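[1] Requesting a structural model of the entry that follows:
(chains A and B)
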There are 2 protein chains.
Amino acid sequence: MTNNPKTLHLNAFLMSVGHHEAAWRLPESDPRADIDIDHYVRLAQTAERGKFDSIFFADSPVLMGDPGRRPSGKLEPTVILTAVAVQTSRIGLIATASTSYNDPYNLARRFASVDWVSDGRAGWNIVTTAGADAARNFGLDDTPDHKLRYEKAGEFVEVATKLWDSWDDDAIVADKQLGIHADAEKVRKIDHRGRFFKVDGPLNLPRSPQGYPVLVQAGSSEDGKNFAARYAEAVFTAQQTLEDGKAFYTDLKDRARRLGRDPELLKVLPGIVPVIGDTEEHARELDAELARLISPEYARKQLAERFAIPLDEFDLDSELPENLPTEDDIEGAKSRFTLIVNLARRERLTLRELITRLGGGRGHRTFAGTAEQVADTIEEWFREGAADGFNVMPAVLPSGLDRFVDEVVPILQARGLFRTDYTETTLRGHYGLSRPANQYADRLAAAQ
Amino acid sequence: MTNNPKTLHLNAFLMSVGHHEAAWRLPESDPRADIDIDHYVRLAQTAERGKFDSIFFADSPVLMGDPGRRPSGKLEPTVILTAVAVQTSRIGLIATASTSYNDPYNLARRFASVDWVSDGRAGWNIVTTAGADAARNFGLDDTPDHKLRYEKAGEFVEVATKLWDSWDDDAIVADKQLGIHADAEKVRKIDHRGRFFKVDGPLNLPRSPQGYPVLVQAGSSEDGKNFAARYAEAVFTAQQTLEDGKAFYTDLKDRARRLGRDPELLKVLPGIVPVIGDTEEHARELDAELARLISPEYARKQLAERFAIPLDEFDLDSELPENLPTEDDIEGAKSRFTLIVNLARRERLTLRELITRLGGGRGHRTFAGTAEQVADTIEEWFREGAADGFNVMPAVLPSGLDRFVDEVVPILQARGLFRTDYTETTLRGHYGLSRPANQYADRLAAAQ
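    Residues are numbered from 1 along each chain as shown, chains lettered A, B, ... in the order given. The predicted structure is shown next:
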């Protein structure tokens, strides 16, 4: 056993009726669940029953792909988190929000509000948002340059943490006799003046239960990894092989260490799309059934766009052409691009086969097997130093999450790898992260 | 009886522990209720028990005033509405959001999300946000010019309605057999190109249960009234006297009529701060008790700023000086400024008395009396053509709302002025507003 912490962390990455693009076509699926808040609340309650650390909603402020392909309604994720917060008590609540298409004041306030409403269970997955389509919803013609987006994201996070720290934890005195509600000395302007942002503050909310939400990151490009090493407390990542997973894990922890951070306080959670069957064969059948339901036209169009292959040269029974763009030519999801190219070349997949492989997890690792086998691969990656836990991405919802909670979690618990009950009340507590000190109050205390 | 519709509308305007600035100092008040979501949920449930049309949260993305003065934490209001939505079933849910400090895509999406989560109970109070302090949280040095803010607000609302209409109501076909989730022909880009905004769309949400949220407005300046006449479906307003109330009501309905709108579909709701006692004398004592708890220093500072009176010339026992700025010099809350000047001059109030009068409703009309007297004044304004209903602003929460629901509502119901149960399920239904046609689908249908 490596020097991993003793138990692993599980996040449930929730997406409409499941991560598999064809999940909505199964007889069991409610094709309108994407806009049904009760669906998400029930999923969160199931994850909480399974003692998961957290649930997570990805996001982009744009309609993704052809609305014919799959359920594409996206309730704003802090709205979803709030509805879940008041109907659960322990599970952490993470959502994506963009540093390119939000104002720091509004975003800091919204996540602090969720942290208050949930009594300290909020997490923010920081993304810079790739894609011209999103840019065109915000007055731009194209997505800003990758490096620039990350520079802006860094300053954005600094503004947000300043706002979250703009009230001391003990600012509210609530002295009814004297008529003083808060000590004005302990509430301060931040007067941020940077390259991208000018923000006076203070925030119009006292410091939240966790100090601030857990900072999560999911980019695996060079810029993304450097950003994660500096700011992230948890990282979601796509890794297809144990070897790649170990290399990523080691690299990221090293980067954090070189920046003077304790690498234990940066949790790495690769994605896994578990397809669980009664037998291995049964699981493969379930996977194949989903694959048969993929509409090849939508998938073909998307692959052609991703790899810049003219549609009329696109042969489903050939491998990826030799002459592809490089990662440098790609403006977003850079590492995902490379991961997919490597997967296709390593396994010599035809485009038809590649479509099938991407249908479940869009580049995340699909694993079809029994509950025992799923637990085995989780344990292997955890013990081998490729993961502090997993970003569990059920192919079909709710059934895939039910099955994971009912069958895989008890095995992990029996092996001593996962909590049998919550011991903490906040998301920071579940992930073993401490409450951050207040950068202003601390500085004052140190000066005294 | 005038040609008012038969029954009136009641909105509960909720603010921490009450609208009176000293409410938090009462023994009964929880001084941390401003950041306690359960407090707001309980208030909403009380309003729903009283069959109110709606609840409402004001907002500004800035810390308002000295944090010593009163509870100043402001949970982001769509977060509050969401928590309330999933714990109530009928009451309408209105929140303020700024057209100056939001992107139309994000805001349209957030309100559509609340409309989905609440099954059609969302309303948006459209504000342009005055004040340099707010501007300085968003990279600006000062608040944009009043007229410009309203021009931008008009275009903002047009972008938002285009986004809300970007999906036809019947766009989702969910054909599992054919593998087609939505009819792509019924989901369209909006390709908005305006003076202030460039937004491609479509929204990443199907059209919401109400089509779009009820549009509310609360500015009473010339620009504000013209904006309301064009866009608003409900208007909150501050009116101190029946005469002023009638004049405003008639003026606003006329403006709407001149724009070709049915004035019945623009509901006018003046604010009232009811202080309810067992006897009239008891009510006056409650009001006086609250007035005694006002900290004069905070109030003095705020009045001095509002009227540009140097603090060292500020005499609490004198009337307002003659030489004041005019409404034209004021960048925000223009009509509120004039209302307060008129109130002070009409009643020859000393500054000390003015502070007392503003402590409860910040310019809204405070009415201290028995439940019967409160019902009488509501009925009078309603029958005389000064109101379609009221924006009820309890001085102390929760007790002021409890008392209104338990004592005033039954009188209004007994007089046939107010519903005894909900007959509709949406906010539009409660207010007697129809579901808006889709500007795109309608145009197509008309062309066929």
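[2] There's contact between A:Leu412 and A:Asp376 in this structure, I believe.
    No. In this structure, A:Leu412 is not within contact of A:Asp376 by CB atoms under 8 Å, at 10.3 Å. The way it works is simple: take the backbone N, C-alpha and C, and place the C-beta from them, glycine included.
[3] Looking at the two, which is more packed in?
    The neighbour comparison of A:Leu412 against A:Asp376 (other CB atoms under 10 Å in any protein chain shown) goes to A:Leu412, with 25 against 15.
[4] Mind telling me what element that one is part of?
    helix A:409-414 (DSSP states H and E).
[5] Could you pull out the strands in the stretch 101-250 of chain A for me?
    Assigned by DSSP state E, counting those that start in this stretch, the stretch 101-250 of chain A shows strands spanning A:122-127, A:172-175, A:180-182, A:192-193, A:198-199, A:214-217, A:234-237.
[6] Now those strands in TSV, please, with extra columns for mean neighbour count and mean pLDDT.
    Formatted as TSV, these follow (neighbours: other CB atoms under 10 Å in any protein chain shown; pLDDT from 0 to 100):
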stretch	mean neighbour count	mean pLDDT
strand A:122-127	26	98
strand A:172-175	16	97
strand A:180-182	24	96
strand A:192-193	14	98
strand A:198-199	20	98
strand A:214-217	26	98
strand A:234-237	28	97
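[7] Scan the helices and strands of chain A for the one with the lowest mean pLDDT.
    helix A:439-447 (a mean of 71; mean pLDDT, DSSP states H and E).
[8] What helices and strands are in contact with the next helix or strand after the helix holding A:Leu412?
    Per DSSP H and E, the first helix or strand lying C-terminal to helix A:409-414 is helix A:427-430. With contacts taken as 3 or more CB pairs under 8 Å, 6 or more residues apart in numbering or on different chains; DSSP states H and E, helix A:427-430 sits against strand A:92-98.
[9] Flag every buried residue along stretch A:98-106.
    A:98-106 (16 or more other CB atoms under 10 Å in any protein chain shown).
[10] and A:Ala308, how many neighbours does it have?
    Neighbours around A:Ala308, by other CB under 10 Å: 12.
[11] Just to check, it is in contact with A:Pro325?
    Yes. Counting by CB under 8 Å, A:Ala308 touches A:Pro325, with 5.4 Å between them.
[12] Let's verify the closest residue to chain B within the stretch 301-448 of chain A: helix, strand, or coil?
    Residue nearest to chain B within the stretch 301-448 of chain A: A:Lys301 (11.8 Å; CB to the nearest CB). Taken by DSSP: H, G, I helix; E, B strand; the rest coil, the conformation at A:Lys301 corresponds to helix.
[13] Tell me which stretches of the stretch 1-150 of chain A form helices.
    Applying DSSP state H, counting those that start in this stretch to the stretch 1-150 of chain A gives helices spanning A:37-49, A:77-85, A:104-117, A:132-135, A:146-164.
[14] Low-confidence stretches in chain A?
    A:1-5, A:442-448 (pLDDT under 70).
[15] mind checking how far stretch A:293-307 is from the chain centre?
    Counting by CA atoms, centre = their mean, to the nearest Å, stretch A:293-307 is centred 24 Å from the centre of its parent chain.
[16] Export only the CA atoms of that stretch, formatted as CSV.
    What follows is stretch A:293-307, C-alpha atoms only, in CSV (Å, rounded to 0.1, in the frame of the first residue of the first chain):
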residue,chain,number,x,y,z
LEU,A,293,-29.1,2.8,-29.0
ILE,A,294,-26.6,5.4,-30.0
SER,A,295,-27.8,7.4,-33.1
PRO,A,296,-24.7,7.2,-35.3
GLU,A,297,-25.6,10.4,-37.2
TYR,A,298,-25.2,12.7,-34.2
ALA,A,299,-22.1,10.9,-33.0
ARG,A,300,-20.5,11.0,-36.5
LYS,A,301,-21.2,14.7,-36.8
GLN,A,302,-19.6,15.4,-33.4
LEU,A,303,-16.5,13.3,-34.1
ALA,A,304,-16.1,15.0,-37.5
GLU,A,305,-16.2,18.4,-35.8
ARG,A,306,-13.8,17.4,-33.0
PHE,A,307,-11.2,16.0,-35.4
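[17] re earlier: does the residue of the stretch 301-448 of chain A closest to chain B touch A:Leu311 like I think?
    Yes. A:Lys301 is in contact with A:Leu311 according to CB under 8 Å; the separation is 7.1 Å.
[18] higher neighbour count, the two?
    Neighbours per residue, other CB under 10 Å: of A:Lys301 and A:Leu311, the larger number sits with A:Lys301, 16 against 10.
[19] Now do the helix holding A:Leu412: which elements does it pack against?
    Against helix A:409-414 (3+ CB pairs under 8 Å, 6+ apart) you get helix A:371-383.
[20] Point out the residues in the stretch 201-350 of chain A that sit beside chain B.
    A:201-206, A:293, A:295 (CB under 8 Å from any CB of the partner chain).
[21] Serialize these to CSV and add fields for neighbour count.
    CSV is the format used below for these (neighbours: other CB atoms under 10 Å in any protein chain shown):
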residue, neighbour count
A:Gly201, 25
A:Pro202, 22
A:Leu203, 27
A:Asn204, 26
A:Leu205, 24
A:Pro206, 26
A:Leu293, 16
A:Ser295, 21
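[22] Quick check: the two most widely separated of these?
    Greatest spatial distance in these: A:Pro202 and A:Leu293, 52.2 Å, computed using CB to CB.
[23] what about the strands in the stretch 251-400 of chain A?
    A:267-276, A:365-369, A:389-392.
[24] give the contact list for A:Glu327.
    The contact partners of A:Glu327, taken as CB atoms under 8 Å, 6 or more residues apart in numbering or on different chains, are A:221, A:334-335, A:337-338.
[25] Sort out which of these are in helices and list them.
    A:334-335, A:337-338 (DSSP state H).
[26] Quick one: buried ones out of these?
    By 16+ other CB under 10 Å, these give A:334-335, A:337-338 as buried.
[27] Check those against A:Thr143 and report the nearest one.
    Of all those, A:Thr143 sits closest to A:Lys334, with 12.3 Å by CB to CB.
[28] Spit out the contact partners of the closest residue to the closest one other than its chain neighbours.
    Counting by CB to CB, 6 or more residues apart in numbering or on different chains, A:Lys334 lies nearest to A:Ser221, which is 4.0 Å off, once chain neighbours are set aside. By CB under 8 Å, 6+ apart, the contact set of A:Ser221 is A:146, A:327, A:334-335.
[29] what's the most distant pair in the residues you listed?
    The distance between the two most remote of the contacts of A:Ser221 (CB to CB) is 11.4 Å, for A:His146 and A:Ser335.
[30] Count the residues that sit near the spatially closest residue to A:Ala291 that is not a sequence neighbour.
    Take A:Ala291 and drop its neighbours on the chain: the residue closest to it by CB to CB, 6+ apart is A:Thr356, 4.4 Å away. Neighbour count for A:Thr356, taken as other CB under 10 Å: 20.
[31] Kindly report the same for A:Asp315.
    Around A:Asp315 there are 12 residues (other CB under 10 Å).
[32] Surely it touches A:Leu351?
    Yes. Here A:Asp315 reaches A:Leu351: they are 6.9 Å apart, a contact under CB under 8 Å.
[33] what sits against A:Lys253?
    A:Lys253 is in contact with A:263, A:266, A:268, counting by CB under 8 Å, 6+ apart.
[34] Look up how far A:Arg121 lies from the first one.
    Distance, A:Pro263 to A:Arg121, using CB to CB, to the nearest Å: 24 Å.
[35] quick one, which of the two is more surrounded?
    Shown here are A:Pro263 and A:Arg121; by other CB under 10 Å, A:Arg121 has more neighbours (30 against 20).
[36] Please report the distance of that one from chain B.
    13 Å (CB to the nearest CB, to the nearest Å).
[37] Phi and psi next, for that residue.
    Main-chain dihedrals, A:Arg121, degrees, to the nearest 10: phi -120, psi 20.
[38] Apart from its neighbours in sequence, what residue is nearest A:His192?
    A:Val199 is the one closest to A:His192 (CB to CB, 6+ apart), at 4.6 Å.
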